[in-house]
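**Student:** Kindly generate the corresponding structure for this input.
(one chain, ligands or ions: 1)
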Amino acid sequence: MSIRETFRGAVVCAALILGAGIAHAQEVVKLGLVGEFSGPFAQYGGQMYGGMKAYMKEHGDTVAGKKIEVIQRDTGGPAPDVAKRLAQELVTRDKVDLLVGFGLTPNAMAAAPIATEAKVPMIIMNAATSIITTKSPYIARVSFTLPQITQPIALWAAKNGIRNVYTIVSDYGPGIDAEGAFTKAFKTAGGEIAGSARIPLQNPEFAPYIQRAKDARPQAIFVFLPAGEQGIAFMKGYNERGLAEAGIKLIATGDITDDGVLEAMGDPTLGLVTSFHYSAAHDSPENKAFLKAYAEANGTKLRPNFMAVAGYDGMAAIYEALRKTGGSTDGDKIMAALKGMKINSPRGAITIDPETRDVVQTIYIRKVEKTPGGLYNIEFDRFPDQKDPGK
Ligand code: PHB
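**Tutor:** Take a look at the predicted model:
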């Protein structure tokens with residue numbers, strides 16, 4: 001081979017390598033996952049990511065010719081400044097195409113302006129304060145809103161002979177939404193509010209609030225607390241102070257009987273009626289496939305909860321959007337693809353409302369029952385096609 005030929009060969013070779021490099025760079029879609037992976041809310045990130053992994057296990061990591069790559073970042077809990085910085089770094093330094101995750105409302109709210117500025121779609125996999133989706137046209141939410149899940153339990157209570165309720169909520173966005181939605185729907189249905197309390201989000205002390213609620217002698221207490229450890233502590237206090245013995249019923253949104261902690265809460269939860277969009281006991285082929293994929297991807301130690309389902313559905317929405325855009329990650333194109341999208345979720349069919357970019361879905365009324373597989377939220381009534389009532 002002449003020197004000239006060797007040189008030409010090397011050039012071709014270099015061009016091929018370079019070309020392959022460029023082609024490779026174009027073929028990755030990066031998802032910046034901002035979640036709570038440590039501290040008292042660590043289950044949030046774990047469940048969301050677990051659901052995402054389940055989807056990828058089932059459907060592969062390539063869609064529309066692009067490989068999906070997840071870059072994980074931990075806010076360490078409710079930390080808006082950290083969430084905002086992480087979102088900013090993911091967009092500017094890591095060049096992510098979408099932001100996903102966000103378990104807690106303050107973290108989602110703080111990152112919203114980054115999505116707007118960068119025109120990067122932001123898929124909310126939990127944070128459920130109603131107002132969040134109005135904070136950026138690049139936000140779509142695949143989870144739920146507090147007013148959406150609260151109104152059904154208020155109507156159910158009023159229809160089932162409950163006339164007088166004391167409300168206890170966590171003192172931040174979703175709790176204030178829940179208190180407002182419950183009060184409005186319950187009063188409209190003829191009910192009375194005996195009193196209301198708001199408990200701090202961080203390091204809450206439940207006993208004094210539970211005692212005050214007991215002293216007000218309501219027929220029932222309505223509770224919203226962020227899923228996880230707080231529900232366990234609240235149920236302990238409810239038992240220790242003998243509210244059931246005093247004839248005070250408990251009703252709640254399904255955050256409190258979160259599938260991830262229900263077993264740890266134990267028998268005191270038996271009979272507890274809640275309203276929610278997902279139960280691991282939901283009977284459908286989609287849910288069976290989800291439970292199987294979740295166990296395969298994450299092991300069987302943790303039962304998947306509503307955040308895992310939102311992680312799974314969030315990935316379904318992203319895959320479908322990428323198929324529709326032919327693999328383009330242009331923010332406006334992805335948002336257009338998401339609007340009006342229907343997904344056969346493990347919770348039942350859901351639609352991303354094209355106006356609000358929130359999910360329209362069935363809300364179930366459930367009761368905790370003991371089954372051969374342990375404690376589960378068993379669905380027994382439903383409110384189909386529920387939107388956020390305030391939107
Ligand atoms: C929220 O911060 O928006 C949030 C967290 C946990 C829940 C529901 C809402 O269970």
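
**Student:** Quick one: mean pLDDT for the helix or strand hosting Ile232?
**Tutor:** Assigned by DSSP states H and E, Ile232 falls within helix 229-240. Confidence for helix 229-240, expressed as mean pLDDT, is 94.

**Student:** Following element in sequence after it, please.
**Tutor:** Sequence-wise, the next helix or strand downstream of helix 229-240 (DSSP H and E) is strand 249-253.

**Student:** gap between that following strand and the chain center?
**Tutor:** 20 Å (CA atoms, centre = their mean, to the nearest Å).

**Student:** got the angle for that strand vs helix 229-240?
**Tutor:** If you take axes from the mean of the first three to the mean of the last three CA atoms, to 10 degrees, strand 249-253 sits at 170 degrees to helix 229-240.

**Student:** Spatially nearest residue to the spatially most central residue of the chain, not counting backbone neighbours?
**Tutor:** Nearest residue to the geometric centre of the chain (CA atoms, centre = their mean): Asn126, 2.2 Å. With sequence-adjacent residues excluded and distances taken as CB to CB, 6 or more residues apart in numbering, Asn126 is closest to Gly103, at 4.5 Å. For the C-beta atoms, the positions are set from N, CA and C on the backbone; glycine is no exception.

**Student:** Contacts only, for Thr253.
**Tutor:** Shown in contact with Thr253 (CB atoms under 8 Å, 6 or more residues apart in numbering): Leu146, Ile149, Thr150, Ile153, Ala178, Val223, Phe224, Thr274, Ser275, Phe276.

**Student:** Any chance of TSV for the residues you listed, columns distance to Pro304, neighbour count and pLDDT?
**Tutor:** Shown next, in TSV, are those (distance: CB to CB, whole Å; neighbours: other CB atoms under 10 Å; pLDDT from 0 to 100):
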residue	distance to Pro304	neighbour count	pLDDT
Leu146	21	27	98
Ile149	18	30	98
Thr150	23	30	98
Ile153	23	29	98
Ala178	23	31	98
Val223	23	31	98
Phe224	21	27	98
Thr274	17	25	98
Ser275	19	26	98
Phe276	14	26	98
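
**Student:** Quick check, pLDDT for the closest residue to Ala158 other than its chain neighbours.
**Tutor:** Closest residue to Ala158 apart from its sequence neighbours, by CB to CB, 6+ apart: Ala189 at 3.5 Å. In this model, Ala189 is scored at 98, pLDDT.

**Student:** I'd guessed Ala189 sits against Trp156; true?
**Tutor:** No - applying CB atoms under 8 Å, one finds Ala189 not in contact with Trp156, separated by 9.6 Å.

**Student:** which element is the residue nearest to the centre of the chain on?
**Tutor:** Using DSSP H and E, no helix or strand contains Asn126.

**Student:** can you list the weak-confidence ranges in the stretch 51-200 of the chain?
**Tutor:** For the stretch 51-200 of the chain, no stretch is flagged by pLDDT under 70.

**Student:** Which residue ranges of it form strands?
**Tutor:** Assigned by DSSP state E, counting those that start in this stretch, the strands in the stretch 51-200 of the chain fall at 62-63, 66-74, 98-101, 122-124, 139-141, 164-170, 192-199.

**Student:** Comparing Ala189 and Trp156, which shows the higher neighbour count?
**Tutor:** Per other CB atoms under 10 Å, whichever of Ala189 and Trp156 has more neighbours is Trp156, with 20 against 16.

**Student:** which residues does that one contact?
**Tutor:** Trp156 neighbours (CB under 8 Å, 6+ apart): Ile251, Val273, Ser275, Ile365, Asp381.

**Student:** ok now do the second one, which residues does it touch?
**Tutor:** With contacts taken as CB under 8 Å, 6+ apart, Val273 has the following neighbours: Ile153, Trp156, Ile251, Ile365, Arg366, Lys367.

**Student:** swap the cut-off to 6 Å and go again
**Tutor:** For Val273, the contact set (CB atoms under 6 Å, 6 or more residues apart in numbering) comprises Ile251, Lys367.

**Student:** what pairs with it across the strands?
**Tutor:** Applying DSSP bridges to Val273 gives these bridge partners: Ile251, Lys367.

**Student:** Reformat the strands of the stretch 51-200 of the chain as CSV; add distance to the ligand.
**Tutor:** Output for the strands of the stretch 51-200 of the chain, formatted as CSV (distance: least, CB to the nearest ligand atom, whole Å):
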stretch, distance to the ligand
strand 62-63, 28
strand 66-74, 16
strand 98-101, 12
strand 122-124, 9
strand 139-141, 10
strand 164-170, 8
strand 192-199, 14
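
**Student:** about what we covered before: buried ones in the helix holding Ile232?
**Tutor:** Neighbour counts over helix 229-240 (16 or more other CB atoms under 10 Å) mark Glu229, Gln230, Gly231, Ile232, Ala233, Phe234, Met235, Lys236, Gly237, Tyr238, Asn239 as buried.

**Student:** what's the answer for stretch 348-364, then?
**Tutor:** Buried, per 16+ other CB under 10 Å, within stretch 348-364: 348, 350-353, 356-364.

**Student:** which helices and strands does the helix or strand encompassing Ile221 pack with?
**Tutor:** Using DSSP H and E, Ile221 sits within strand 220-224. The contact analysis (3 or more CB pairs under 6 Å, 6 or more residues apart in numbering; DSSP states H and E) places strand 220-224 against strand 164-170, helix 173-188, strand 249-253.

**Student:** Quick one: name whatever helix or strand follows the shortest one.
**Tutor:** Helices and strands here follow DSSP H and E; after strand 249-253, the next one along the chain is helix 262-265.
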